[in-house]
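Q: For reference, the sequence and a predicted model appear below.
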Amino acid sequence: MERKWWHGKTAYQIYPKSFQDTNGDGIGDLQGIIRRLDYLKELGVDIVWISPIYCSPLADQGYDISDYRAIDPRFGTMEDMEELLAEAKKRDIGIVMDLVVNHCSDEHEWFRKACEDPEGPYGRYFYILPWHEGDPLPCNWRGAFGGSVWSKLPGHEDRIYYHAFHRKQPDLNWENPEVRQEIYAMIRWWLDKGLAGFRIDAIMNIKKLLPFRDFPPDREDGLCGLETVLRNTEGVLDFLDEMAEQTFRPYEAFTAGEVFNEKEKDLPRLIGDHGVFSSMFDFAETVLDHSPLGWYAAPEITPDQYKAACFASQRRVDGIGFLCNIIENHDEPRGVSHYLPAGIHAPEAKKMLGGLNFMLQGLPFLFQGQEIGMENLACTSIDEVDDCSARDQYQVCLDAGLTPEEAMKFLNRFSRDNARTPVQWDDSPNAGFTTGTPWLRVNPNYREINVAAQREDPDSIWNFYRALIALRKNPRYAETVVYGHTEPWLEEQHNLMAYFRQGKDQTLLVAGNFQAEPQDMRLPGPIRDLLLNNLRTFSLTGDHIHLAPWQFLVLEV
Ligand code: TEU
Ligand code: CA
């Protein structure tokens, strides 16, 4: 594997709407990010991905872009963006923007022109087909937020357009070379401004399975989920190769693909030495509880399944490239609420989960608030829910015969709002996020869980993450932490997740006791050094460590 400038870095995702408000409108903004750059530096962050801040009607919170070359006034101005780039650069922090090019907004000029003249050049920017009331639709696919992927073209009774996500997110037609050139020019325009790169949204969806056709339905609505469609689609890499060649590669940009349903054989082309992306997110753990039926049919994830998914991912990409390792993002529940058994809130358990993920080979990617162990938000009524995906799943629950109360239990487990509540900076009103009314409710636990308190406390989750990042940069261990081979240890032992990171002349052992009871772990040999411990002590008899509940250790052995 070739060495890349970003391999040893630590990355952090900002969901700007909920990060830091500076003008009291209850919405986080670019000035808020600038204000917190020193905070990110103090934590040890090198790369920051900012979820979309382009002009948008916010039907899907910015993932519906109406102007790719302008900043939404709710987030600030282009001057603010340039200031952010300059200030970040001073601190040696790279800024990565979200690249959302599977679709744009129905309020984008291209779509407006397509509606005015579907036969004209902009009609070919989208998938617009003739259709008459009573005709079957071109295919029975279900959009990611529910319902058919087809909607009537505004202003036309006899035409429909394709959208894999929200009705307000029409898919762009990548088969049209003019569309591709527009997109590449826009990417270069941003890279010329000094961006470090992009996180690339929903990218596997850009290639459509043509001609459109039906698949066997997977729910009673007669529709079939896009996962099945994607599994049967070939050819996305040809588009990605062209995009990489004309944009990312000449700039040596850092790119992290949001890649789902990729084919094993494509891994080298995706993230290998000359791959189309630098890296891509590991969603193997995330999808463990996905069911085609919807959230109400989600199984609980056990620690053994979590471990198996992590190790399977490490093996799949071994020697090929780096994955971005996450426990959460803006689409997922909080990691500590998702992967720790229900009801577990102990700080040491949160540290263990974070540490086990962080120490895997790959690029660790923290999501805002993860560094203080922020948790899911409990809502009692659908009126409190913003997320369009959660609102769809609420209906799916009701259609399956659940009561509203039962449905809310599943929303509280999976709603995307869970990760989108404002960052808990301190114990002042609204957790220091805003002086106004926050756009989304602050988690009421902010008095106990907040940055200010954890910064003061040497045993806090925040200081633990800081130590993890410092270890990754420590010249004595960095080579092993970044490049060491991952080798599971005692893989069959129940509720124990342990692995070696094998460097040239150094072996680290990472171990987490993934349960509320103590358990013993056999050691492969003598301990040379203790690098990290989420508790104050650890106990050893002969070649056995007695791990306390949720104990996490990094040892040199
Ligand atoms: O998410 C993509 C997404 O929702 C996938 O899980 C999708 O279900 C998969 O590709 C199968 O089709 C991204 C963003 O992270 C999310 O916030 C946006 O809502 C979405 O794209 C649309 O832009
Ligand atoms: Ca604001």
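A: Great, that's in hand. Numbering: from 1, shown residues only. Ligands and ions are numbered 1, 2, ... in the order given.
Q: Dump whatever helix or strand residue 39 lives in to CSV, keeping only the CA atoms.
A: Residue 39 is part of helix 37-43, with elements assigned from DSSP states H and E. These are the backbone C-alpha positions of helix 37-43, laid out as CSV (Å, rounded to 0.1, in the frame of the first residue of the first chain):
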residue,chain,number,x,y,z
LEU,A,37,-11.4,25.8,15.4
ASP,A,38,-9.1,26.1,18.4
TYR,A,39,-11.3,23.6,20.3
LEU,A,40,-10.8,21.2,17.4
LYS,A,41,-7.1,21.8,17.4
GLU,A,42,-6.9,21.2,21.1
LEU,A,43,-8.7,17.9,20.6
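Q: how about residue 194, secondary structure?
A: When classified by DSSP: H, G, I helix; E, B strand; the rest coil, residue 194 comes out as coil.
Q: gap between it and ligand 2?
A: Distance check for residue 194 against ligand 2: by C-beta to the ion, to the nearest Å, it reads 24 Å. All C-beta spots, glycine's among them, are computed from the backbone N, C-alpha and C.
Q: Skip the chain neighbours and tell me the closest residue to that residue.
A: Nearest in space to residue 194, with sequence neighbours left out and distances taken as C-beta to C-beta, 6 or more residues apart in numbering, is residue 85 at 4.8 Å.
Q: Would you map the strands across the stretch 201-350 of the chain?
A: 224-225, 254-257, 279-281, 323-325 (DSSP state E, counting those that start in this stretch).
Q: Would you reformat the ones you listed as CSV and include mean neighbour count and distance to residue 142?
A: As requested, the strands of the stretch 201-350 of the chain are exported to CSV (neighbours: other C-beta atoms under 10 Å; distance: least, C-beta to C-beta, whole Å):
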stretch, mean neighbour count, distance to residue 142
strand 224-225, 20, 5
strand 254-257, 26, 23
strand 279-281, 25, 23
strand 323-325, 25, 28
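Q: hang on, the earlier thing: quick check: buried residues in the helix holding residue 39?
A: Residues 37, 40, 43 are the ones in helix 37-43 that count as buried (16 or more other C-beta atoms under 10 Å).
Q: same thing with stretch 292-305?
A: Buried residues in stretch 292-305, defined by neighbour count with 16+ other C-beta under 10 Å: 294-296, 301, 303-304.
Q: and what of stretch 164-183?
A: 164-174, 179-180, 182-183.
Q: any idea how far residue 177 is from the spatially closest residue to residue 94 that is not a sequence neighbour?
A: Distances taken as C-beta to C-beta, 6+ apart put residue 196 closest to residue 94, at 3.0 Å, once the chain neighbours are dropped. Counting by C-beta to C-beta, to the nearest Å, the gap between residue 196 and residue 177 amounts to 28 Å.
Q: Just confirm residue 407 is within a helix.
A: Yes. Secondary structure assignment (three-state DSSP) places residue 407 inside a helix.
Q: do you know how far the nearest residue to it once chain neighbours are set aside is from residue 404?
A: The spatial neighbour of residue 407 that comes closest, neighbours along the chain excluded (C-beta to C-beta, 6+ apart), is residue 397 at 3.6 Å. Distance of residue 397 to residue 404, given as C-beta to C-beta: 8 Å.
Q: Same drill for these two, tell me which one is more crowded.
A: Using other C-beta atoms under 10 Å as the criterion, residue 397 and residue 404 rank with residue 397 on top: 22 against 13.
Q: Break the chain down into its structural domains.
A: For the chain, the domain assignment from automatic domain parsing gives the residue ranges 11-102+177-378+416-461, 109-162, 482-556.
Q: Find the closest residue to ligand 1 in the stretch 1-150 of the chain.
A: Ranked by C-beta to the nearest ligand atom, the top residue of the stretch 1-150 of the chain for proximity to ligand 1 is residue 63, at 3.3 Å.
Q: swap in the stretch 451-557 of the chain?
A: Here the stretch 451-557 of the chain gets closest to ligand 1 at one residue, residue 465, 22.9 Å apart by C-beta to the nearest ligand atom.
Q: since we're on the closest residue to that residue other than its chain neighbours, how many residues are nearby?
A: Nearest residue to residue 465, sequence neighbours excluded (C-beta to C-beta, 6+ apart): residue 371, at 4.5 Å. Applying the criterion other C-beta under 10 Å, we find 27 residues in the vicinity of residue 371.
Q: Can you give me the pLDDT of residue 371?
A: Per-residue confidence (pLDDT) for residue 371: 98.
Q: what do you get for the one 3 residues further on?
A: pLDDT, the model's per-residue confidence, is 98 for residue 374.
Q: OK, contacts around it?
A: Contacts here follow C-beta atoms under 8 Å, 6 or more residues apart in numbering; on that basis residue 374 touches 334, 336, 421, 423-424, 443, 449.
Q: just the buried residues of stretch 164-183 that are near ligand 1?
A: Among the buried residues of stretch 164-183, the residues within reach of ligand 1 (C-beta under 6 Å from any ligand atom) are residue 165.
Q: just to revisit the earlier point, quickly find the element holding the residue nearest to residue 194.
A: Assigning secondary structure by DSSP H and E places residue 85 in helix 78-90.
Q: If you count neighbours, what's buried in that helix?
A: Of all the residues in helix 78-90, those buried under the rule 16+ other C-beta under 10 Å are 80-81, 83-85, 87-88.
Q: Check stretch 337-349 too.
A: In stretch 337-349, counting by 16+ other C-beta under 10 Å, buried: 337-340, 344, 347-349.
Q: any chance of the residues you listed in a markdown table, plus pLDDT and distance to residue 136?
A: As requested, the buried residues of stretch 337-349 are arranged in a markdown table below (pLDDT from 0 to 100; distance: C-beta to C-beta, whole Å):
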| residue | pLDDT | distance to residue 136 |
| --- | --- | --- |
| 337 | 98 | 42 |
| 338 | 98 | 39 |
| 339 | 98 | 42 |
| 340 | 98 | 47 |
| 344 | 97 | 49 |
| 347 | 98 | 56 |
| 348 | 98 | 57 |
| 349 | 98 | 52 |
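Q: Go through those residues and name the one nearest ligand 2.
A: The closest of the buried residues of stretch 337-349 to ligand 2 turns out to be residue 337 (C-beta to the ion; 27.2 Å).
Q: show me what contacts the spatially closest residue to the closest one that is not a sequence neighbour?
A: Once flanking residues are discounted, residue 337 sits nearest to residue 376: 3.9 Å by C-beta to C-beta, 6+ apart. For residue 376, the contact set (C-beta under 8 Å, 6+ apart) comprises 333-334, 337, 412-413, 418.
Q: Give me the distance between residue 368 and residue 14.
A: When distances are taken as C-beta to C-beta, residue 368 and residue 14 turn out to be 6 Å apart.
Q: Equivalent analysis for residue 220, please.
A: Taking C-beta to C-beta as the criterion, residue 220 is separated from residue 14 by 40 Å.
Q: Which one's more surrounded, these two?
A: Under the criterion of other C-beta under 10 Å, the comparison of residue 220 against residue 14 puts residue 14 first, with 25 against 9.
Q: and that one, bridged to which residues?
A: According to DSSP bridges, the partner residues bridging residue 14 are residue 50.
Q: Could I get the contacting residues of it?
A: 33, 48-51, 368.
Q: now those as JSON lines including neighbour count, pLDDT and distance to residue 266?
A: Written out in JSON lines, the entries for these read as follows (neighbours: other C-beta atoms under 10 Å; pLDDT from 0 to 100; distance: C-beta to C-beta, whole Å):
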{"residue": "33", "neighbour count": "27", "pLDDT": "98", "distance to residue 266": "34"}
{"residue": "48", "neighbour count": "22", "pLDDT": "98", "distance to residue 266": "28"}
{"residue": "49", "neighbour count": "24", "pLDDT": "98", "distance to residue 266": "23"}
{"residue": "50", "neighbour count": "23", "pLDDT": "98", "distance to residue 266": "28"}
{"residue": "51", "neighbour count": "24", "pLDDT": "98", "distance to residue 266": "26"}
{"residue": "368", "neighbour count": "27", "pLDDT": "98", "distance to residue 266": "31"}
